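A.B. asks: Got a predicted model here, sequence first, then my questions.
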Amino acid sequence: MIVVLKQTAKKEDIERLTSQIEKQGLKTSIVIGTDQTIIGLIGDTTIIDPKTIEVDEAVDHVMRVSEPYKLANRVFHPEDTIINVGGVKIGGGYLGLIAGPCSVESKEQIIEVAKSVKASGANILRGGAFKPRTSPYSFQGMGETALDLLLAAKAETGLPICTELMDAEYIPLFNEKVDLVQIGTRNMQNYSLLKKVGQEIKKPILLKRGLASTYEEWIMAAEYIMANGNPNVILCERGIRTYETYTRNTLDIQAIPVIKKLTHLPIIIDPSHAGGKWWLVSPMAKASIAAGCDGLMIEVHNDPEKALSDGPQSLRPDKYASLMQDIKKIATIFGKKS
Ligand code: PEP
Ligand code: MN
């Protein structure tokens, strides 16, 4: 971080600022130019909020020369992180192939879908129990009962289970029953939840990107979880809101190389919530694997017309099966293990 002082700054201003910065455990290096003086901060500047320096009347502006996140940063951890989800590896060449219905609706439904996606090559089962719905009148999920139905499907198929946590009060239950804890788009910036998830959840976390979040905001959300004690974070791009209304959201495929450049965490793609249309899922999933993502989260329903949530974007099991055939071929070309 570099602090550029105003031309009017005096010797005592420089002394005040350097002592303020050094009290926070950093070293300083002062460059006195003909017109302007610059203070360079040396050390871990992630703990510094540039605004607290910028308010000083002797300061013109503050510039970051490194990212504000440390634990997620690839600079400090050059190799890819591989995360173990109930025995399934994700990252570093291993693909997490997550599939299942938007919502768990009944025992028969979740077991039927679980068996079919497993037969097609999925290695993790998804299914919403607590649903973040835009309308309070829409189906809100089966809640705790759904966790037990997911466990029944796990017992039948051996697939680890992934479902969304919305409230901290359910953390003990999720620690006991869930293999991969999803933090949804709408909660990506729920910082009190992120802190508790970091401190109290022992399982890996799937952190979805906020509807209109920048890469830095999304990585900082991962940093919250990591800084609070849980290093096992997988990022999930699920489409962002743009001016386009034809599709539900716009899939940001660029997120794959960008996240891989900036962080060492795995990134998976959810093409279902991105496009919001079942026929967009397959092309976007294939493009994402070709672009180097570490896995896919895809909504599959045995009867999409009757689905209680997200039917229009859900693949039928036969369509998922044929997509997975293509995914396996693409994965082989790019040296990924599926
Ligand atoms: C979901 O996965 O069912 C979901 C609600 O996702 P998102 O948070 O991406 O909307
Ligand atoms: Mn959904």
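C.D. replies: On my side now, so go ahead. Residues are numbered from 1 along each chain as shown. Ligands and ions are numbered 1, 2, ... in the order given.

A.B. asks: For the rest of this, base every contact and every neighbour count on C-alpha atoms.
C.D. replies: Will do.

A.B. asks: phi, psi of whichever residue of the stretch 1-150 of the chain sits closest to ligand 1?
C.D. replies: Per Cα to the nearest ligand atom, C102 is where the stretch 1-150 of the chain lies closest to ligand 1, at 4.9 Å. Dihedral angles phi and psi of C102 (degrees, to the nearest 10) take the values phi -60, psi -50.

A.B. asks: what's the answer for G295, then?
C.D. replies: Backbone torsions for G295, taken as degrees, to the nearest 10, come to phi 160, psi 180.

A.B. asks: Contact partners for it?
C.D. replies: By Cα atoms under 8 Å, 6 or more residues apart in numbering, the contact list for G295 reads 90, 94-98, 267-269, 289.

A.B. asks: I'd like to know which of those is nearest to M324.
C.D. replies: L97 (9.2 Å; Cα to Cα).

A.B. asks: Please name the bridge partners of that closest one.
C.D. replies: L296 (DSSP bridges).

A.B. asks: Count the residues that sit near it.
C.D. replies: 25 (other Cα atoms under 10 Å).

A.B. asks: State the distance from it to N230.
C.D. replies: 22 Å (Cα to Cα, to the nearest Å).

A.B. asks: all helices of the chain, in order?
C.D. replies: Counting by DSSP state H, the chain has these helices, from start to end: 11-22, 50-54, 107-120, 144-157, 171-177, 191-200, 215-227, 255-262, 271-275, 278-290, 317-333.

A.B. asks: how long is stretch 251-268 end to end?
C.D. replies: So stretch 251-268: terminal residues 12 Å apart, Cα to Cα.

A.B. asks: Contacts for that stretch next, please.
C.D. replies: Residues from elsewhere that reach stretch 251-268, judged by Cα under 8 Å, 6+ apart: 72-75, 77-83, 90-92, 96, 215, 233-240, 271, 274-275, 284, 288, 291-297.

A.B. asks: And the buried ones among the residues you listed, selectable in ChimeraX?
C.D. replies: Those of the contacts of stretch 251-268 that count as buried under 16 or more other Cα atoms under 10 Å are selected in ChimeraX with:
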select :72,73,74,81,82,83,90,91,92,96,233,234,235,236,237,238,239,240,271,274,275,284,288,292,293,294,295,296,297
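
A.B. asks: show me which of the contacts of stretch 251-268 neighbour ligand 1.
C.D. replies: Among the contacts of stretch 251-268, the ones lying near ligand 1 by Cα under 6 Å from any ligand atom are R238.

A.B. asks: Can you tell me which residues in the stretch 1-150 of the chain are near ligand 1?
C.D. replies: The stretch 1-150 of the chain has residues 102, 128, 132 near ligand 1, with proximity defined as Cα under 6 Å from any ligand atom.

A.B. asks: so can I have JSON lines of those showing pLDDT and distance to K260?
C.D. replies: Output for these, formatted as JSON lines (pLDDT from 0 to 100; distance: Cα to Cα, whole Å):
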{"residue": "C102", "pLDDT": "98", "distance to K260": "27"}
{"residue": "G128", "pLDDT": "98", "distance to K260": "28"}
{"residue": "P132", "pLDDT": "93", "distance to K260": "28"}
